[in-house]
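1. coords please:
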Amino acid sequence: MVMELALFSLMLTVMAISVAAQAKPGCQRQCGNISIPYPFGTGSAECYIDGSFLITCNTTFDPPKAFLATTDIQVLHISVDGYLRIRYPIAYDCYDSLGRSRNFNAGFRLEKFFISHTRNMFTALGCDTYAYIEGFVGRTYSTGCMSFCYNADEVVNGSCSGIGCCQIQIPKGVTDYELSFSSYWSHSKVLSFNPCSYGFAVENGVYNFSLSHFLDPDFGKKKFPIILDWTIGNQSCREARMDPQNYACKENSACIVPENGSGYLCKCLHGFQGNPYLSHGCQKI
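-> Now for the predicted structure:
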């Protein structure tokens, strides 16, 4: 009996996930291995709620890859719970024995998606490194962290306390960032084991620091997952309900205030599961 109940519970969970991942009827449901639930969509404009939620499916890859709108930002997962996972390259600032540098300053600007302040960390690597991010969150912001060490023996694998690696939280409400570096001695004092500074936003728990990354020639080519929060429109729940023609929350769902950013989200009522943005998308369990 216990096993039967467990199997039944598993079946309900699988069904709920399948319903939550539903696209708008008549629209493409997947791009490669990525499910595209409404309000996101790909193809014709009827398949997504507005242009910010367009997913471009690039079929030149095998399997096809999903990208956010018309950007080069790859999408790894979309949740109707108000977040999506993207993959984005890291930034670097590298030096040679003559003090010459080569660098790549990563960053992006999004209008409708917020970099999650609870599910990501800004991470900087290096023994002569000051990395900082700048952007706009109702006002211009700038934050960063410093990482120093004088020999490889000081570095502790798995630790980002400021000796070879540092981490800080990302401010709430951030829709964009630009990453930059400073180096006090152009890495000249640590060049033998650490020629580069690296910086990136990364989903919590994904990155594990290692001294070996300092001399890995391919580390600067890596991309890490970042969690973005999304919301519907810019109206509050009260304002959205007063516009029933454009109100996104369908039957058996409620409007909720998002933790990050403006606008609102929809959630199936207690006892229902599925996609609250589709008509009859919330089904009784």
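2. number of nearby residues for the residue lying closest to residue 233 once chain neighbours are set aside?
-> The shortest distance from residue 233 to any non-neighbouring residue, by Cβ to Cβ, 6 or more residues apart in numbering, is to residue 263 (4.8 Å). To be clear about C-beta, it is placed using only N, CA and C from the backbone, and glycine gets the same treatment. The local packing of residue 263 (other Cβ atoms under 10 Å) involves 19 other residues.
3. if you go through the stretch 1-150 of the chain in chain order, where are the helices?
-> Assigned by DSSP state H, counting those that start in this stretch, the stretch 1-150 of the chain shows helices spanning 2-20.
4. Return, as residue ranges, the portions of it with sub-threshold pLDDT.
-> Scanning the stretch 1-150 of the chain for pLDDT under 70 picks out 1-20, 137-139.
5. can you pull out the strands in it?
-> With DSSP state E, counting those that start in this stretch as the criterion, the stretch 1-150 of the chain has strands at 30-31, 34-35, 55-58, 65-68, 74-79, 83-89, 91-95, 101-104, 107-109, 113-115, 120-126, 128-136, 140-148.
6. which outside residues touch the second one?
-> Read that as strand 34-35. 21, 23, 29, 55, 66, 75, 76, 77, 78 (Cβ atoms under 8 Å, 6 or more residues apart in numbering).
7. what does stretch 55-67 give?
-> So stretch 55-67 is contacted by 28, 31-34, 36, 40-42, 48, 68-70, 73-75, 78 (Cβ under 8 Å, 6+ apart).
8. For the residue nearest the centre of the chain, pull up the helix or strand it's in.
-> Taking Cα atoms, centre = their mean, the centroid of the chain lies closest to residue 227, which sits 2.3 Å from it. If you go by DSSP states H and E, residue 227 is part of strand 223-230.
9. Send me that strand as PDB with only the CA atoms.
-> Provided in PDB are the C-alpha atoms of strand 223-230 (Å, rounded to 0.1, in the frame of the first residue of the first chain):
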ATOM      1  CA  LYS A 223      30.300  29.700 -19.200                       C
ATOM      2  CA  PHE A 224      28.400  29.300 -16.000                       C
ATOM      3  CA  PRO A 225      24.600  29.200 -15.200                       C
ATOM      4  CA  ILE A 226      22.900  32.300 -13.900                       C
ATOM      5  CA  ILE A 227      19.400  32.500 -12.500                       C
ATOM      6  CA  LEU A 228      17.200  35.300 -13.800                       C
ATOM      7  CA  ASP A 229      13.900  36.300 -12.200                       C
ATOM      8  CA  TRP A 230      11.000  37.300 -14.500                       C
END
